[in-house]
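S.K.: Model the following, please.
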Amino acid sequence: MPEHRGRKHHQDRVAETLREEIGAMIGGELTDPRIASCHISEVVLNPGGKSARIYVELDKGTPEIDKAEIETVAGLEAAKGHIRFELKERMGKRHVPELTFLADRSGRLTARIDELMTRGRKRQKAKAE
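M.R.: Prediction:
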């Protein structure tokens with residue numbers, strides 16, 4: 001089975017371009033009040049290039065982060081048509097993948113796991129003494 005290095009490299013370049021361009025739009029062009037301060041953490045492109053999952057991570061200082069995640073994803077989904085149109089213009093492509101926005105909670109989950117591991121270590125240390 002031959003490796004498709006060229007195809008993989010192209011998909012990586014397209015995903016990185018999508019991440020940069022959508023990030024720039026979120027940072028300055030989209031005016032929907034539902035969209036909180038956030039950044040694009042990852043873009044996963046379907047192997048065929050027809051669709052992409054965009055993972056959005058909210059900044060750590062956001063109050064009521066769970067509610068803000070839901071509202072931000074809803075705001076981005078509402079602006080999906082405008083975002084695709086702008087991507088088509090900026091990238092000069094005939095086809096722009098179908099976009100799906102998802103909240104990225106991996107950073108918060110990692111911090112929570114680290115916190116629980118630290119607590120467990122402190123308890124074991126206290127028991128040993």
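S.K.: and the spatially most central residue of the chain, which of the three is it?
M.R.: By C-alpha atoms, centre = their mean, the chain has its centre lying nearest to Y55, at 2.1 Å. Put simply, Y55 is strand when judged by DSSP: H, G, I helix; E, B strand; the rest coil.
S.K.: do the one 5 residues further on as well
M.R.: K60 carries the three-state label coil when classified by three-state DSSP.
S.K.: What mean pLDDT does the helix or strand harbouring E16 get?
M.R.: E16 belongs to helix 5-24 when assigned by DSSP states H and E. The pLDDT scores in helix 5-24 average 87.
S.K.: Pull the contacting residues for the nearest residue to the residue nearest to the centre of the chain once chain neighbours are set aside.
M.R.: Closest residue to Y55 in three dimensions, ignoring its sequence neighbours and counting by C-beta to C-beta, 6 or more residues apart in numbering: D104, at 3.9 Å. Where you see a C-beta, it was placed from the backbone N, CA and C, and this is true even at glycine. Contacts for D104 (C-beta atoms under 8 Å, 6 or more residues apart in numbering) come out as S41, E42, Y55, V56, E57.
S.K.: Next up, phi/psi of E89, please.
M.R.: Note on E89: backbone dihedrals following degrees, to the nearest 10 are phi -70, psi -50.
S.K.: On the pLDDT front, check it for me.
M.R.: pLDDT for E89: 92.
S.K.: quick one: stretch 18-32 to chain centroid distance?
M.R.: A distance of 12 Å separates the centroid of the chain from that of stretch 18-32, by C-alpha atoms, centre = their mean, to the nearest Å.
S.K.: Mind listing what's buried along it?
M.R.: L18, R19, E21, I22, G23, M25, I26, L30 (16 or more other C-beta atoms under 10 Å).
S.K.: What of stretch 54-68?
M.R.: Neighbour-count burial for stretch 54-68, counted by 16+ other C-beta under 10 Å, picks out I54, Y55, V56, E57, L58, I65, A68.
S.K.: mind listing the strands for the chain?
M.R.: Along the chain, counting by DSSP state E, strands occupy 38-45, 51-58, 98-103.
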